[in-house]
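>>> predicted model and sequence below, questions to follow.
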Amino acid sequence: MKFVSEIHPPSIIAIDGPAASGKSTIGKRLADKLGYLFFDTGLMYRAVTWLALQRRLDLGNEAAVTTLAESVPIEVQPASQPDGRSCDVIVEGVDITWETRRPEVDANVSAISAYPGVRRALSAQQRRIGQRGNVVMVGRDIGTVVLPDADLKIYLDATPEERARRRYDEIIARGEIADYDEILAKVIERDRIDSTRDVAPLKVAEDAIVVDSDKLNAEEVFQQILVLCKTTHRPYLGFMS
Ligand code: DC
């Protein structure tokens, strides 16, 4: 048995940032490039919100929503279909991936994700998966709370106006009708709820690298993050036989 000291590329990569900052698109691309698992934690909060709506729970009833989050296993798995999804979301054997993107989920998910009991239940599951390594995990509190020992922490930022513009362009590109001012108001409101809640608010981890994507296109953001991965190493100290 000999003692070895080596360097390895980052195994646990946390990407946090506000709504519509491009975390999922960039995170998925990065995970595919590295051969890592991609895990979008926002999907878990969305799944609980959708389930609560589906079961007609009073969304203001924190205890009832928390019990739901604690009792229903939510599986976030690698995407099984090439239909634009970044992950599959499976609940009780049913694929609810696209249900989690419905407007009524968008409207309520920030409030649901502010419940401490919901966060406790979901963060524990996220941590277990993240600690296995070889993972790109995206969310709001990954670098600060879920995986504070992540090897590389990125905070992907952009102004509310730029994020609203991207959302607007996406909707128009799908041939649907969109109102920019309405989208901007929703982005600002979600930022407010996500960053002012008592538990695990959205904020930049002390050791995170902020990537400001305002003046960059998706390709430029990706290349910048790839450089960060190539220049960040985690030390490995251990014994090898
Ligand atoms: O990234 P998203 O828009 O799919 O996230 C949905 C909601 O979930 C958002 O309002 C913030 C919340 N969220 C959170 O509080 N913590 C996370 N780690 C991920 C998402």
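Received, thanks.
>>> and the longest helix for this protein?
The helix that spans the most residues within the chain, counting by DSSP state H, is helix 180-196.
>>> other SSEs contacting that helix?
helix 103-112, helix 160-173 (3 or more C-beta pairs under 8 Å, 6 or more residues apart in numbering; DSSP states H and E). From N, CA and C alone the C-beta is placed, and that goes for glycine too.
>>> how distant is the longest one from the center of its chain?
Yep, that's helix 160-173 we're talking about. Offset of helix 160-173 from its chain centre (C-alpha atoms, centre = their mean, to the nearest Å): 19 Å.
>>> buried residues, it. List them.
By neighbour count with 16 or more other C-beta atoms under 10 Å, helix 160-173 contains the buried residues P160, E162, R163, A164, R165, R166, R167, Y168.
>>> could you verify my assumption that the third one touches V187?
Read it as R163. Yes. Contact criterion C-beta atoms under 8 Å: R163 and V187 qualify, at 5.4 Å.
>>> where does the prediction get shaky in the chain?
For the chain, the stretches with pLDDT under 70 are 1-7, 235-238, 240-241.
>>> what residues does it have near the ligand?
19, 41-42, 45-46, 109-110, 113, 139-142, 190, 194 (C-beta under 6 Å from any ligand atom).
>>> burial check on the residue nearest to S11 when sequence neighbours are not counted, number of neighbours?
Take S11 and drop its neighbours on the chain: the residue closest to it by C-beta to C-beta, 6 or more residues apart in numbering is G133, 4.1 Å away. Counted by other C-beta atoms under 10 Å, the residues lying close to G133 total 15.
>>> before we move on, what about G84?
So G84, with other C-beta under 10 Å, has 9 neighbours.
>>> tell me the secondary structure for it?
Counting by DSSP: H, G, I helix; E, B strand; the rest coil, the backbone at G84 sits in coil.
>>> quick check: it vs the ligand, distance?
Distance of G84 to the ligand, computed by C-beta to the nearest ligand atom, to the nearest Å: 14 Å.
>>> and the strands in the chain?
2-8, 12-16, 37-40, 74-78, 87-91, 94-95, 135-139, 152-157, 209-212, 234-240 (DSSP state E).
>>> who's in contact with the fourth one?
Outside of strand 74-78, the residues within contact range by C-beta atoms under 8 Å, 6 or more residues apart in numbering are 37-41, 43-44, 47-48, 87-91, 122, 125.
>>> 7 Å instead, please
Here strand 74-78 makes contact (C-beta atoms under 7 Å, 6 or more residues apart in numbering) with L37, F39, D40, L43, M44, A47, C87, D88, V89, I90, V91.
>>> need the residues you listed in a markdown table with distance to A205 and neighbour count, can you?
Formatted as a markdown table, the contacts of strand 74-78 follow (distance: C-beta to C-beta, whole Å; neighbours: other C-beta atoms under 10 Å):
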| residue | distance to A205 | neighbour count |
| --- | --- | --- |
| L37 | 21 | 18 |
| F39 | 17 | 24 |
| D40 | 18 | 22 |
| L43 | 21 | 24 |
| M44 | 20 | 24 |
| A47 | 25 | 25 |
| C87 | 23 | 23 |
| D88 | 28 | 16 |
| V89 | 26 | 23 |
| I90 | 30 | 17 |
| V91 | 30 | 18 |
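>>> with distance to E70 added, can I get those in JSON lines?
As requested, the contacts of strand 74-78 are exported to JSON lines (distance: C-beta to C-beta, whole Å):
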{"residue": "L37", "distance to E70": "24"}
{"residue": "F39", "distance to E70": "20"}
{"residue": "D40", "distance to E70": "21"}
{"residue": "L43", "distance to E70": "18"}
{"residue": "M44", "distance to E70": "12"}
{"residue": "A47", "distance to E70": "13"}
{"residue": "C87", "distance to E70": "22"}
{"residue": "D88", "distance to E70": "22"}
{"residue": "V89", "distance to E70": "18"}
{"residue": "I90", "distance to E70": "18"}
{"residue": "V91", "distance to E70": "14"}
